[in-house]
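Chemist: Would you be able to build a 3D model of this:
(2 chains, ligands or ions: 2)
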Amino acid sequence: MNKPPTAASVSAPERATPVGSPGLAIETRGLVKRFGHRSAVDGIDLEVPCGSVFGFLGPNGSGKTTTIRVLLGLASASSGDIRVLGKEMPQALASVLPDVGALVEGPGFYPFLSGTGNLMRLDAADRHGSSSTRRQRVSDALERVGLGHAAGKKVRAYSLGMKQRLGLANAMLRPRELLVLDEPTNGLDPQGTREVRNLVRSLAAGGTTVLVSSHLLAEVEQMCTHVGVMSAGRLVAQGPLEELGAAGQAHVVVQTPDVELASRVLRRLGLVPGEAPGTGSPWGTTAVLGTGINGREPEAIVAALVADGVRVRGFTVENASLEERFVSLTGEGFDVVG
Amino acid sequence: MLIALAAVPVLIAVAVKLSSRPAAPGRGPLFLDRITQNGLFVAVTALVVCVPLFLPLTVGVVAGDTIAGEANLGTLRYLLLAPAGRIRLLLVKYAGAVAFCFAATATVAASGALAGVVLFPVGPVTLLSGDTVSVGESALRSLLIAAYITVSLLGLSAIGLLISTFTDVPVGAMAATIVLSVVSQVLDNLPQLEWLHPWLFSHYWLGFADLLRQPISWTSFGENALLQAGYIAVCGALAYAKFSNKDVLS
Ligand SMILES: Nc1ncnc2c1ncn2[C@@H]1O[C@H](COP(=O)(O)OP(=O)(O)OP(=O)(O)O)[C@@H](O)[C@H]1O
Ligand SMILES: [Mg+2]
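Modeler: Ligands and ions are numbered 1, 2, ... in the order given. Predicted coordinates for the structure are as follows:
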């Protein structure tokens, strides 16, 4: 199994800065959460800028949900400092939580109450929620997640996606400064997924910071401005999405029958060629994969290939996808770190 | 559960009514023999029947479910994130359990009174001390007994709340609470453990007979209240200590 790299290779945060830097909605220093002897979260320095949509990635069991629980005061940290919305946690929990909407590890509702009933009860549990606007806010939130028609139905009779939507509605019962969404699109249909994406975008446009954990990398690429990647309890990378993508290697794919020749040319240019999955075209074209374009102009590479008589039938430059980057950071291994 | 509780006195009343032979004095639950003479005794008899097992059973279910039930549904984390506040949540949950204790006792008493009035003659009541009091006065006494039993159950509720903070499995907390109530009563019946008896939360459970004397003897009421308050204080403090530091991982 590949050992994931341990050093944060992107945007190394200045370790020296004290907790409490302005402009960060969430900030942790050396956050550790142990379950018995095992560290589920192993000294992470998370930095979520205000106004960002922060994609929180990582394989199963890498500690995302545990981090979120600790951030929100559901579990206590074994060590480390936490600041949420500029305030020390967990001391300021009571004053911070009203400004935070959260969906943690799936929704939890009373099956015998309706969607509206559940939200009313949760809102009533909060002293800060004004009771005069409660009914209105609940129905607005339900409308927003597309549950307007199922508002009166018992949650027992909700589908997985409907419950998930209700969980989202609960997170948005009031205007929030920070939204923490743990796998919000889990169980949602394509429309729902798209709706969540739009919702997150519009909330972010309104100035809300969103921390969203997800396994759908395409989803993350579309809606996040920043990304953090967890692996086995460590934060192996974090920073703006473009930086993370750029740090990965772009590569070229050459469609040609002259694989040998093309490989030689690429090697001369300082690229590391390999056999790409061949494509079956009428002329029996095979592809060569050059990893890393080493800052060369793609057209210069084509020119060199052509000058040496390589019959170039196709040429593409592919940027490293978030998925490749993710795999390179967290390892190929499929087994959960136990 | 309240419906099941309400059924108990009705069952007793109907059973007594249907059996042609009046129960021999001294056999069966306390006061059973008096029902045929005065329907007002149905309520008291029903309470006597319910105190050892039926009421603790329902109270155990409610008290054991308080925190563990929320944890099990996954609603506990959302209540805390609302934020409800951990102390506040604990207090509200305990208040709910207390309200249930009262509702349960009142249900048995009310349903008993109703069944008694419907099925048997009603008249002035002869107390244990031999004095006779009016129907109104006896209703008041019934209320007092209901209050006594409610108070009796507060300690058990606090124990249930405490156990409930330790687990995410409500059935486990309920069972543990109910088992404890039975164990406490068993211990209370072992003469070898006499020294322990005054400390058992069930020790005064059946002590409400004192309220059926003239003049009313308040000693057992007072001692019971004091004991239950002690249980509430200790279990409440422990529950707070446990719950305020608990990692909510459900
Ligand atoms: N209640 C618990 N007791 C002991 N260990 C736990 C507990 N909850 C989580 N863990 C451990 O902590 C680690 C991180 O779990 P966590 O739920 O944070 O993962 P995750 O990143 O959210 O995974 P997923 O993508 O599957 O949601 C795992 O190794 C898990 O076994
Ligand atoms: Mg998770």
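Chemist: Where does the spatially closest residue to A:Arg137 that is not a sequence neighbour sit: helix, strand or coil?
Modeler: In space, and not counting its chain neighbours, A:Arg137 is closest to A:Leu173: 5.7 Å by C-beta to C-beta, 6 or more residues apart in numbering or on different chains. No exception for glycine: its C-beta is placed from N, CA and C like everyone else's. For A:Leu173, the assignment made with DSSP: H, G, I helix; E, B strand; the rest coil gives coil.
Chemist: can you list the residues of the stretch 1-150 of chain A near ligand 1?
Modeler: By C-beta under 6 Å from any ligand atom, the residues of the stretch 1-150 of chain A that approach ligand 1 are A:Phe35, A:Ala40, A:Gly58, A:Asn60, A:Gly61, A:Ser62, A:Gly63, A:Lys64, A:Thr65, A:Thr66.
Chemist: hmm, 5 Å instead?
Modeler: A:Phe35, A:Ala40, A:Asn60, A:Gly61, A:Ser62, A:Gly63, A:Lys64, A:Thr65, A:Thr66 (C-beta under 5 Å from any ligand atom).
Chemist: Restrict the residues you listed to the buried ones and give me that as a ChimeraX selection.
Modeler: Buried residues within those, by 16 or more other C-beta atoms under 10 Å in any protein chain shown, are selected in ChimeraX with:
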select /A:40,61,62,63,64,65,66
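Chemist: Export the residues of the stretch 1-150 of chain A next to ligand 1 as CSV, with columns for secondary structure.
Modeler: Putting those into CSV (three-state DSSP) gives the following:
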residue, secondary structure
A:Phe35, strand
A:Ala40, strand
A:Asn60, coil
A:Gly61, coil
A:Ser62, coil
A:Gly63, coil
A:Lys64, helix
A:Thr65, helix
A:Thr66, helix
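Chemist: ok so, going back, list the contacts of the residue nearest to A:Arg137.
Modeler: A:Gly101, A:Leu119, A:Leu122, A:Asp123, A:Gly129, A:Arg137, A:Val138, A:Ala141 (C-beta atoms under 8 Å, 6 or more residues apart in numbering or on different chains).
Chemist: Would you map the helices across chain B?
Modeler: Secondary structure of chain B (DSSP state H): helices located at B:2-18, B:41-50, B:54-73, B:75-81, B:86-119, B:135-164, B:170-188, B:219-244.
Chemist: Quick check: which helices or strands does the last one pack against?
Modeler: Looking back up the chat, that one is helix B:219-244. Packing partners of helix B:219-244 (3 or more C-beta pairs under 8 Å, 6 or more residues apart in numbering or on different chains; DSSP states H and E): helix B:86-119, helix B:135-164.
Chemist: which of these is buried the deepest?
Modeler: Mean neighbour count (mean count of other C-beta atoms under 10 Å in any protein chain shown) peaks for helix B:135-164 among those, with a mean of 23.
Chemist: Between helix B:54-73 and that one, find me the angle.
Modeler: 40 degrees (axes from the mean of the first three to the mean of the last three C-alpha atoms, to 10 degrees).
Chemist: Show me what helix B:135-164 packs onto, helices and strands only.
Modeler: helix B:41-50, helix B:54-73, helix B:86-119, strand B:125-126, helix B:170-188, helix B:219-244.
Chemist: tell me which element A:Val227 falls in.
Modeler: According to DSSP states H and E, A:Val227 maps onto strand A:226-231.
Chemist: Now find how far off-centre whatever helix or strand A:Pro273 lives in is within its chain.
Modeler: Using DSSP H and E, the element containing A:Pro273 is strand A:272-275. Distance of strand A:272-275 from the chain centroid (C-alpha atoms, centre = their mean, to the nearest Å) equals 31 Å.
Chemist: what comes up buried for that strand?
Modeler: Those would be A:Pro273, for strand A:272-275 by 16+ other C-beta under 10 Å.
Chemist: looking only at pLDDT, what's the mean for it?
Modeler: Regarding strand A:272-275, the rounded mean pLDDT is 73.
Chemist: Using CSV, write out the CA atom coordinates for that strand.
Modeler: The C-alpha trace of strand A:272-275 is given here as CSV (Å, rounded to 0.1, in the frame of the first residue of the first chain):
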residue,chain,number,x,y,z
VAL,A,272,8.8,10.6,-18.6
PRO,A,273,6.8,8.7,-21.2
GLY,A,274,4.7,5.7,-20.5
GLU,A,275,2.2,3.6,-22.3
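Chemist: what's it packed up against?
Modeler: helix A:259-268, strand A:286-291.
Chemist: Farthest-apart pair in the residues of the stretch 1-150 of chain A next to ligand 1, please.
Modeler: A:Phe35 and A:Asn60 (15.7 Å; C-beta to C-beta).
Chemist: Which residues of chain A lie near chain B?
Modeler: Residues of chain A lying close to chain B (C-beta under 8 Å from any C-beta of the partner chain) are A:69, A:72-76, A:93-94, A:97-98, A:100, A:102, A:104-111, A:122-123, A:125-127, A:129, A:170.
Chemist: Show me which of these are buried.
Modeler: Looks like the residues of chain A next to chain B have A:69, A:72-75, A:93, A:97-98, A:100, A:102, A:104-110, A:122-123, A:125-126, A:129, A:170 buried, using 16+ other C-beta under 10 Å.
Chemist: which of the helices and strands packed on strand A:272-275 has the lowest average pLDDT?
Modeler: strand A:286-291 (a mean of 63).
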